[in-house]
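1. What follows is a predicted protein model with its sequence.
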Amino acid sequence: MLTAMRKVSTYFHRFVRWCYDWMIDMASSPHALFFLALIAFIESSFFPIPPDIMIIPMVLASPQKAWKIAGVATVASVLGGYFGYAIGVFGYELIAKPILNFYGYMSQFQTFQGYYHEWGAWIVFGAGITPFPYKVITIASGVVHMDLLVFGLASVVARGIRFYLVAWLLKKYGEPMREFIDKNLGMLSVLFLILLLGGFACIKYF
């Protein structure tokens, strides 16, 4: 078991290093924002890797574009959230149910529906600003037909706070953070993997 975890950690570190180096290289290219928008959009409905992994090297490479990068990520993520919402509304049996089953969430879904009627906005906000899998919440919001305006506002605020805060920190402490990330990317990739898996694990105990 320990050996398997080490292998996963090693492969994930290689993947993060490749993404980091690739994004540093392409941050100044005309396609960087497009790929960021694409990742931010699909992450809100089904893709497991959050857009932060692209925001960080992009802002480090081009700190003068920090606010634009955060803005693109925010808009694309919110739009992707509405796509996830639509999956919940129109594709529950065909798409939403298999996705919720994949994330191990169906057994708690009835209880979750009750929570949504009272705490819906806060649930969306919490998922949007933390490592909790945002895609599960956007789909579930559609399933329970959460008010679209409330859903949109909670998404904009949460995603905006998260991405603009990351951009601000990188813009303000860019060079020291670049050096820190370069030296400690292995440790950071493991921490990122733990947070990612921890977010999915939280679903089972929600």
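-> Sure thing, it's come through. Residues are numbered from 1 along each chain as shown.

2. Tell me who's in contact with the closest residue to Val89 other than its chain neighbours.
-> Excluding its sequence neighbours, the residue lying closest to Val89 (CB to CB, 6 or more residues apart in numbering) is Gly142, at 4.2 Å. For the C-beta atoms, the positions are set from N, CA and C on the backbone; glycine is no exception. Counting by CB atoms under 8 Å, 6 or more residues apart in numbering, Gly142 touches 84-90, 96.

3. For Ile49, see how far away Val150 is.
-> 27 Å (CB to CB, to the nearest Å).

4. any idea of the mean pLDDT for stretch 125-145?
-> For stretch 125-145, mean pLDDT rounds to 76.

5. typo on my end, stretch 91-107
-> Mean predicted lDDT for stretch 91-107 stands at 72.

6. Isn't His145 up against Val89?
-> Yes. With contacts counted by CB atoms under 8 Å, His145 reaches Val89, the gap being 6.8 Å.

7. Which one's more surrounded, these two?
-> Between His145 and Val89, counted using other CB atoms under 10 Å, the more crowded position is Val89 (17 against 12).

8. Now that one: which helix or strand?
-> Secondary structure from DSSP states H and E places Val89 in helix 66-90.

9. ok, and for that helix, which residues are buried?
-> 66, 69-89 (16 or more other CB atoms under 10 Å).

10. same question, stretch 136-144
-> Within stretch 136-144, the residues that count as buried by 16+ other CB under 10 Å are 136-144.

11. which one among those residues gets closest to Ala32?
-> Thr138 (24.8 Å; CB to CB).

12. In contact with that closest one, which residues?
-> Thr138 is in contact with 44-45, 80-85, 87-88, 124, 155, counting by CB under 8 Å, 6+ apart.
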